[in-house]
Every structure is written in C-alpha cells, then in structure tokens.
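[1] Need a 3D model of the following:
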Amino acid sequence: MKNHSIREAARLVGISRSQFYEDYINVPGVLSVDRTNPKRPTISTTELLRVFGELKGETVSDHSQTSELDFLEEENKHLKSLIQSQSVRLSELKDSLTLERERSERYEARYFAQLEAKEATPSPSQTWIEKITKHLGSWALR
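    This next block holds a predicted model:
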C-alpha cells in the first residue's frame, strides 16, 4: 500500500500533526514509522488501518492530490538537474569562447605585425629612376 508523510497521515486519521506525534509517533511500539529517509519519515496505509481502523480524510481527490504532488516533486528534481547540466554546459561554452577570443587576438596581432613589417621594407621592384641611377652609377665607376 501507499506510504504517507506524517502530515498526510495525521490528516487521514483526523487529528493534528502535533497530537499525532505526541500520541502515536513518539510513543514506542504504537505505530511503525518508516525512517529510511530520515528527513521524510513515512507511514504505510496498512499501518494506519491497523492502529486506527478506518481513515477519515482519505478520498479519491486526496490520492490525486498526493500523486500530483509526487509528480510535481519528481518534475522539480528533473528540472533542477537539467538546470545544473545546462549551467555546466554554459560555463564550458564561456570558457571556449574566451579561448577563441584570445586566439583571434593573437592571430590579429601577428597579422598586423606582419603587415607593418611588409610596409616598412622597400618594394623589390625599383622605379625607373632608381634603375637608371644604379646603371649610371655602375658605368661611371668603370
């Protein structure tokens, strides 16, 4: 059968949660509580029926609300895990983008340095005046 939270079990038997703790949970041997998850102890429906005989607050809508709550809790866990994985992926993409920017800046700096060096060196083709001057200079030296 289904397990119920302490609050839900108290509602099903028609008493307050604090009274439920005082009279049934904190008294050893009266009611068996599943404490597998210490943060969320549960009580099975059969245990509630054994101790109380009948359940006052249980209706079809209670089951649908509980199952909807369980579904929403599972969906919430799933969405949190998706957010976590997307956050990790976003961080990886940011790191990758930073590396690519640095690489681009290095290439750009290298390109402009080469361009400036090319502009600073004289062109290998000489103007016609330079050719004549060179030719005459070498003829005059003979």
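[2] mind checking how far the residue nearest in space to the middle of the chain is from Leu90?
    For the chain, the residue nearest the mean C-alpha position is Gln84 (1.2 Å; Cα atoms, centre = their mean). Distance, Gln84 to Leu90, using Cβ to Cβ, to the nearest Å: 11 Å. In this view, the C-beta of every residue, glycine as well, is placed from N, C-alpha and C.
[3] can you check Leu12 too?
    Separation of Leu12 from Leu90 (Cβ to Cβ): 45 Å.
[4] So for those two, which residue has more residues nearby?
    Leu12 (22 against 10; other Cβ atoms under 10 Å).
[5] Next one: the more buried one from Ile6, what distance?
    For Leu12, the distance to Ile6 equals 11 Å [Cβ to Cβ].
[6] Could you tell me how many residues sit around Ala113?
    By other Cβ under 10 Å, 10 other residues sit near Ala113.
[7] quick one on the thing from earlier: before we move on, which element is the residue nearest to the centre of the chain in?
    Taking DSSP states H and E as the definition, Gln84 sits inside helix 60-120.
[8] tell me the pLDDT at Trp128?
    Reported pLDDT at Trp128 in the predicted model: 65.
[9] actually Ser104, sorry about that
    So, for Ser104, pLDDT stands at 93.
[10] again with Leu97
    95.
[11] same deal with Ser91?
    With respect to pLDDT, Ser91 scores 94.
[12] cool, Lys77 as well?
    On the pLDDT scale, Lys77 gets 90.
[13] Return, as residue ranges, the portions of this structure with sub-threshold pLDDT.
    By pLDDT under 70, the low-scoring segments of the chain are 1, 57-65, 120-129, 131, 135, 137-142.
[14] Break it down into its structural domains.
    According to automatic domain parsing, the chain comprises the domains 3-57, 59-120.
[15] Could you look over these and pick the most buried one?
    Mean neighbours per residue, mean count of other Cβ atoms under 10 Å, is largest over those for domain 3-57, with a mean of 14.
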